[in-house]
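1. The sequence isn't on hand, but the structure is:
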């Protein structure tokens with residue numbers, strides 16, 4: 001529950017968060033929640049500013065039309081609608097501002113309404129996203145108010161035609177931290193800045209018991225009758241040989257396989273809260289997702305990372321997982337053609353020590369950027 005204005009106090013610093021408003025993506029919603037809740041620990045008044053190429057009503061209408069077309073084609077209306085309602089329920093955990101940015105424009109002079117603006121985390125600077133605009137670089141704010149927190153490009157190289165604009169915008173920030181080593185190199189090469197920090201994703205700033213406060217057991221698990229399960233969460237395609245290998249491990253260990261994004265599966269109706277529960281209790285997590293890997297670490301579960309499939313090399317998003325695995329010395333979590341007994345074992349003792357140091361780096365960065373004593 002949000003604190004009242006009276007409880008917050010009139011002198012509380014106000015922070016506006018600009019991020020991607022993807023209302024049906026687990027990682028996006030969970031990182032948004034994490035940034036908000038972590039900042040609130042420092043007695044800050046935090047709000048998320050809606051930023052999109054469409055008004056909220058138009059976005060909802062667009063989503064409904066999209067779902068309607070799918071429903072007519074696949075005839076599983078209840079899964080789609082229930083999934084949508086689960087996301088809607090989780091969004092109540094996120095505090096939204098009354099101010100909005102539509103098509104990169106704001107008409108409320110919001111610079112005067114906040115003490116600081118934070119852009120991030122997520123792929124706010126991915127040039128391949130249609131919604132990417134100068135609002136993601138906080139054009140409306142004074143330079144001294146602009147902070148990037150674990151922001152991401154999602155790619156390793158910037159298109160040539162984007163470099164001039166990105167150089168101008170990124171040079172104006174008071175403080176910049178990114179989520180990947182590749183992002184740091186992009187900014188350093190463009191601007192010559194030497195103060196760019198690589199920080200962990202904000203979801204890793206909250207402990208497992210803090211995430212437990214918003215997780216929820218999916219009712220669909222009743223169908224498994226307490227049987228163990230392997231959680232498949234692939235944003236790209238699951239190659240045939242991958243599926244065969246995962247199925248082999250499932251049979252050998254008496255596990256069911258949950259394909260989270262299979263629209264014909266009852267588990268498709270999973271929302272962010274249920275996603276957390278499934279991650280926490282999986283026998284094994286198989287994924288090409290950055291945030292699925294993150295929550296496997298947070299919840300101390302064995303996981304295997306598969307490279308995201310895609311024909312266009314520029315649009316692959318493996319750099320953030322590369323940084324994650326490298327930072328925590330978990331390169332052996334990658335799929336190497338076969339799932340071994342060693343893959344099913346895990347010991348994150350070293351990773352958790354590194355995580356504590358990384359949390360301290362994030363805290364130091366934010367305190368300095370936000371002038372917190």
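-> Looks like it came in fine. Model, not experiment: these values are computed from the prediction.
2. Burial check on the closest residue to residue 134 other than its chain neighbours, number of neighbours?
-> In this structure, residue 134 finds its nearest non-sequential neighbour in residue 104, 5.6 Å apart by CB to CB, 6 or more residues apart in numbering. Heads up, the C-betas are built off the backbone N, CA and C, glycines and all. Neighbourhood size, residue 104 [other CB atoms under 10 Å]: 17.
3. tell me the contacts of residue 104?
-> Residue 104 sits next to 53, 133, 134, 135, 139 when contact means CB atoms under 8 Å, 6 or more residues apart in numbering.
4. Now that we have the residues you listed, can you turn them into JSON lines and tack on secondary structure?
-> Below are the contacts of residue 104 laid out as JSON lines (DSSP: H, G, I helix; E, B strand; the rest coil):
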{"residue": "53", "secondary structure": "coil"}
{"residue": "133", "secondary structure": "coil"}
{"residue": "134", "secondary structure": "helix"}
{"residue": "135", "secondary structure": "helix"}
{"residue": "139", "secondary structure": "coil"}
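5. how about the helices in this structure?
-> Counting by DSSP state H, the segments of the chain that form helices are 5-8, 26-40, 56-74, 77-90, 163-170, 181-191, 208-212, 240-252, 272-280, 290-298, 319-327, 341-344, 349-369.
6. ok, and which of the ones you listed has the densest surroundings?
-> Highest mean neighbour count among these (mean count of other CB atoms under 10 Å): helix 290-298, with a mean of 26.
7. Other residues contacting it?
-> Contacts for helix 290-298 (CB under 8 Å, 6+ apart): 26-27, 30-31, 201, 203-204, 206-208, 211, 231, 233, 275-276, 279-280, 282, 285, 287, 302-303, 305, 317, 320-321, 324-325, 328, 330, 333, 348, 351, 355.
8. again, only using 7 Å
-> Residues outside helix 290-298 that contact it (CB atoms under 7 Å, 6 or more residues apart in numbering): 26-27, 30, 201, 203-204, 208, 211, 233, 276, 279, 285, 287, 303, 305, 320-321, 324, 328, 348, 351.
9. possible to save the helices of the chain as JSON lines with distance to residue 20 and mean pLDDT?
-> As requested, the helices of the chain are exported to JSON lines (distance: least, CB to CB, whole Å; pLDDT from 0 to 100):
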{"stretch": "helix 5-8", "distance to residue 20": "27", "mean pLDDT": "44"}
{"stretch": "helix 26-40", "distance to residue 20": "6", "mean pLDDT": "96"}
{"stretch": "helix 56-74", "distance to residue 20": "12", "mean pLDDT": "57"}
{"stretch": "helix 77-90", "distance to residue 20": "14", "mean pLDDT": "87"}
{"stretch": "helix 163-170", "distance to residue 20": "17", "mean pLDDT": "96"}
{"stretch": "helix 181-191", "distance to residue 20": "15", "mean pLDDT": "95"}
{"stretch": "helix 208-212", "distance to residue 20": "20", "mean pLDDT": "98"}
{"stretch": "helix 240-252", "distance to residue 20": "28", "mean pLDDT": "97"}
{"stretch": "helix 272-280", "distance to residue 20": "15", "mean pLDDT": "98"}
{"stretch": "helix 290-298", "distance to residue 20": "13", "mean pLDDT": "97"}
{"stretch": "helix 319-327", "distance to residue 20": "14", "mean pLDDT": "89"}
{"stretch": "helix 341-344", "distance to residue 20": "32", "mean pLDDT": "93"}
{"stretch": "helix 349-369", "distance to residue 20": "20", "mean pLDDT": "98"}
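10. Compile the ones you listed into CSV and extend it with columns for distance to residue 157.
-> Shown next, in CSV, are those (distance: least, CB to CB, whole Å):
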stretch, distance to residue 157
helix 5-8, 43
helix 26-40, 22
helix 56-74, 30
helix 77-90, 33
helix 163-170, 10
helix 181-191, 8
helix 208-212, 34
helix 240-252, 27
helix 272-280, 31
helix 290-298, 18
helix 319-327, 9
helix 341-344, 31
helix 349-369, 25
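11. Tell me which of these lies nearest to residue 309.
-> For the helices of the chain, the distance to residue 309 is smallest for helix 240-252, at 9.4 Å, taking CB to CB.
12. what's the distance between the closest one and the middle of its chain?
-> Relative to its chain's centre, helix 240-252 lies at 28 Å (CA atoms, centre = their mean, to the nearest Å).
13. what does stretch 16-30 give?
-> Relative to its chain's centre, stretch 16-30 lies at 7 Å (CA atoms, centre = their mean).
14. how close does the residue nearest to residue 278 when sequence neighbours are not counted sit to residue 256?
-> Closest residue to residue 278 apart from its sequence neighbours, by CB to CB, 6+ apart: residue 231 at 5.4 Å. Noted for residue 231: a distance of 10 Å to residue 256, by CB to CB, to the nearest Å.
15. Could you check which of the two is surrounded by more residues?
-> Neighbours were counted for residue 231 and for residue 256 using other CB under 10 Å; residue 231 has more, 25 against 15.
16. Could you report the pLDDT at the residue nearest to residue 134?
-> Looking at residue 104, its pLDDT stands at 75.
17. cool, residue 317 as well?
-> 58.
18. Please apply the same query to residue 125.
-> pLDDT, residue 125: 95.
19. Ramachandran angles for it?
-> phi -110, psi 20 (degrees, to the nearest 10).
20. Could you count how many residues lie near the closest residue to it other than its chain neighbours?
-> Take residue 125 and drop its neighbours on the chain: the residue closest to it by CB to CB, 6+ apart is residue 153, 4.8 Å away. Neighbourhood size, residue 153 [other CB under 10 Å]: 26.
21. Residue 153 and residue 222: what is the separation?
-> Applying CB to CB, one obtains 42 Å for the distance of residue 153 from residue 222.
22. cool, and residue 156?
-> Note on residue 156: its distance to residue 222, by CB to CB, is 43 Å.
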